[in-house]
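> structure for this input, please:
(chains A and B)
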Amino acid sequence: MTLNILEIAYLIASLTFVIGLKMLSHPESARKGNLIAALGMLIAVIATITIYQPFDESKVLNYGLIALGLVLGTIIGTMMAKKVKMTAMPQMVSFFNGMGGACAALIAVIEYQNHNTSAISGFDGEFLVMLLGLIIGSVSFSGSLIAYGKLEGKIKDFVLPMNQVVNMLMLATILGLTIYQMLGNESTPLFYGLLAISLIYGVLFVMPIGGADMPVVISLLNSFTGVAAAFGGFLYSNKAMLTGGILVGSAGTILTILMCKAMNRSLTNVLLGAFGGSTAG
Amino acid sequence: MEQILNYIGENMEMIYFLILAILLGVEVISNVPAILHTPLMSGANAVHGVVVVGAIIVMLHASPDNYPSLIVGFLAVVMGTLNVVGGFVVTDRMLEMFKKKPKKS
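Numbers count the residues shown, from 1 in each chain, chains lettered A, B, ... in the order given. Modelled structure (predicted):
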């Protein structure tokens, strides 16, 4: 019975995300839409803590840590968001986006520890979902932090020689390692190697892109984190995470394209235009 | 191959969700005025903070003496909460600014 209540709570949360995003795309209702989505999030979080598992005496420490984490995150998040200057908003969004990406990647890391590889022979869908969450989450994390640093003026534009070639090679390595592990060669060093390469790839992906194009990149990384969150939802068969994540994933991608159009540029131009970046800006 | 099909079959419901949500996301966003691009991005950023639910689930699964999991999970909860709370507050501040501007001019 209580589990049904949890599912209903997730349903309400998913609905508020859709309605919230819809309202956010109209000027008159935008602010209300934001509040509605926030309310849905609150419902999802509270329902998860209270209903997901009946209170277990031995897990007092876990509940304490969850509460502490929520309180800490709320206080720091509110303070940062309230203090930031209006002109510094885009990098703030990027920073928070990076936190979400890191959260998704960390979930994959922990679940990998609990993952029993020997129990499954052949295709291991759960492991694939974990890997994808790990890769996308960590690319989004490091990429967002670089975008944040660049907009803050803390990180200068820096282009590796043959940066695009290096990026393509790294992407191919990530793909290759994923497929190799999926073919029954799961190993802990490879898993963490993938984490490391993904982090570096995020840095090199954002590094050469010019400052003026940064909002587009942040929007793109935003949809990456959405997809990473959705993989998390897949892992737990959690519908609130799945809808919330993938909704942002697809809406974010469309938004990225719209932003490019508003700037009269194409996405490939923004992403690969690193070499012409200095002349274009 | 058979195992892949099995996995898809087991998760059919989730795959339906996935595809419908993708289409819904495209539909919801399609007509946005350029002025709302940044707040919408920020709002979407807050929504994918729902990943914090996953972090909480991780913590609820972890056994109380599994300290590495607890520490990493705790970090994930903090970061996820930062994403959610910071995201919504920043969006609200942006939209607040939007409301005041037309009145002044």
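> domains of chain B?
B:1-31, B:34-104 (automatic domain parsing).
> so of the ones you listed, which one's packed in deepest?
The highest average neighbour count among the domains of chain B, using mean count of other CB atoms under 10 Å in any protein chain shown, belongs to domain B:34-104 at a mean of 23. (Each C-beta comes from the backbone N, C-alpha and C, glycine too.)
> now it: mean pLDDT?
What domain B:34-104 shows for mean pLDDT is 88.
> the residue sitting nearest the centre point of chain A is in what secondary structure piece?
For chain A, the residue nearest the mean C-alpha position is A:T225 (1.8 Å; CA atoms, centre = their mean). For A:T225, the host element (DSSP states H and E) is helix A:214-236.
> can you give me the buried ones in that helix?
Residues of helix A:214-236 classed as buried by neighbour count (16 or more other CB atoms under 10 Å in any protein chain shown): A:214-236.
> now find how far off-centre the helix or strand hosting A:S138 is within its chain.
Assigned by DSSP H and E, A:S138 falls within helix A:125-152. Relative to the centre of its chain, helix A:125-152 is centred 6 Å away, using CA atoms, centre = their mean, to the nearest Å.
> show the subsequent helix or strand relative to it.
Taking DSSP H and E, what comes next after helix A:125-152 is helix A:163-182.
> give me the angle between the very next helix or strand once past that next one and helix A:214-236.
As assigned by DSSP H and E, the chain's next helix or strand after helix A:163-182 is helix A:188-206. Interaxial angle, helix A:188-206 versus helix A:214-236 (axes from the mean of the first three to the mean of the last three CA atoms, to 10 degrees): 160 degrees.
> helix A:188-206 to helix A:163-182, inter-axis angle?
Going by the same axes, to 10 degrees, helix A:188-206 makes 150 degrees with helix A:163-182.
> now helix A:188-206: buried residues?
Applying 16+ other CB under 10 Å to helix A:188-206 flags A:191, A:194-195, A:197-199, A:201-206 as buried.
> one more: stretch A:81-88?
A:81, A:84.
> check contacts around the residue of chain B found nearest chain A.
Residue nearest to chain A within chain B: B:T81 (2.5 Å; CB to the nearest CB). Residues near B:T81 by CB atoms under 8 Å, 6 or more residues apart in numbering or on different chains: A:69-70, A:72-74, A:77, B:49, B:52.
> please identify the helix or strand for it.
Applying DSSP H and E, one finds B:T81 within helix B:67-81.
> ditto for A:F123
Using DSSP H and E, A:F123 sits within no helix or strand.
> correct me, but it touches A:M182?
Yes - using CB atoms under 8 Å, A:F123 makes contact with A:M182 at a distance of 7.5 Å.
> leaving aside the residues adjacent along the chain, what's closest to A:L11?
A:K239 (7.1 Å; CB to CB, 6 or more residues apart in numbering or on different chains).
> also A:G149?
Nearest non-adjacent residue to A:G149 (CB to CB, 6+ apart): A:I155, at 3.7 Å.
> any idea how far B:V58 lies from A:L65?
Using CB to CB, to the nearest Å, B:V58 is found at 11 Å from A:L65.
> give me the common contacts of the two.
In contact with both B:V58 and A:L65: B:G73, using CB under 8 Å, 6+ apart.
> where do the strands sit along chain B?
Secondary structure of chain B (DSSP state E): no strands present.
> ranges for the helices of it?
Along chain B, counting by DSSP state H, helices occupy B:2-10, B:12-29, B:37-47, B:51-61, B:67-81, B:87-104.
> who are the packing partners of the third one?
Spelled out, it's helix B:37-47. helix A:2-24, helix A:30-51, helix A:89-114, helix A:214-236, helix A:239-262, helix B:87-104 (3 or more CB pairs under 8 Å, 6 or more residues apart in numbering or on different chains; DSSP states H and E).
> give me the angle between the fifth one and helix A:89-114.
On the basis of the same axes, to 10 degrees, helix A:239-262 is oriented at 140 degrees to helix A:89-114.
> list the buried residues of stretch A:155-167.
A:155, A:163, A:167.
> which residue is the nearest non-sequential neighbour of the second one?
Nearest in space to A:N163, with sequence neighbours left out and distances taken as CB to CB, 6+ apart, is A:P208 at 5.0 Å.
> B:L36 touches A:E28, doesn't it?
No - counting by CB under 8 Å, A:E28 is not a contact partner of B:L36; they are 10.8 Å apart.
> thinking again about what came up before, quick one: the residue of chain B closest to chain A from A:V60, how far?
As defined by CB to CB, B:T81 lies at a distance of 20 Å from A:V60.
> and for B:V28?
For B:V28, the distance to A:V60 (CB to CB) stands at 42 Å.
> same question for A:R31.
The spacing between A:R31 and A:V60, counted by CB to CB, is 40 Å.
> which of those two has more neighbours?
Ranked by neighbour count (other CB atoms under 10 Å in any protein chain shown), A:R31 and A:V60 place A:R31 first, with 20 against 11.
> contacts only, for the residue nearest to that one when sequence neighbours are not counted.
Distances taken as CB to CB, 6+ apart put B:L95 closest to A:R31, at 4.3 Å, once the chain neighbours are dropped. With contact taken as CB under 8 Å, 6+ apart, B:L95 is in contact with A:30-31, A:34, B:39.
> now the two most distant members of the residues you listed.
A:R31 and B:P39 (8.9 Å; CB to CB).
> right, I'll leave it there.
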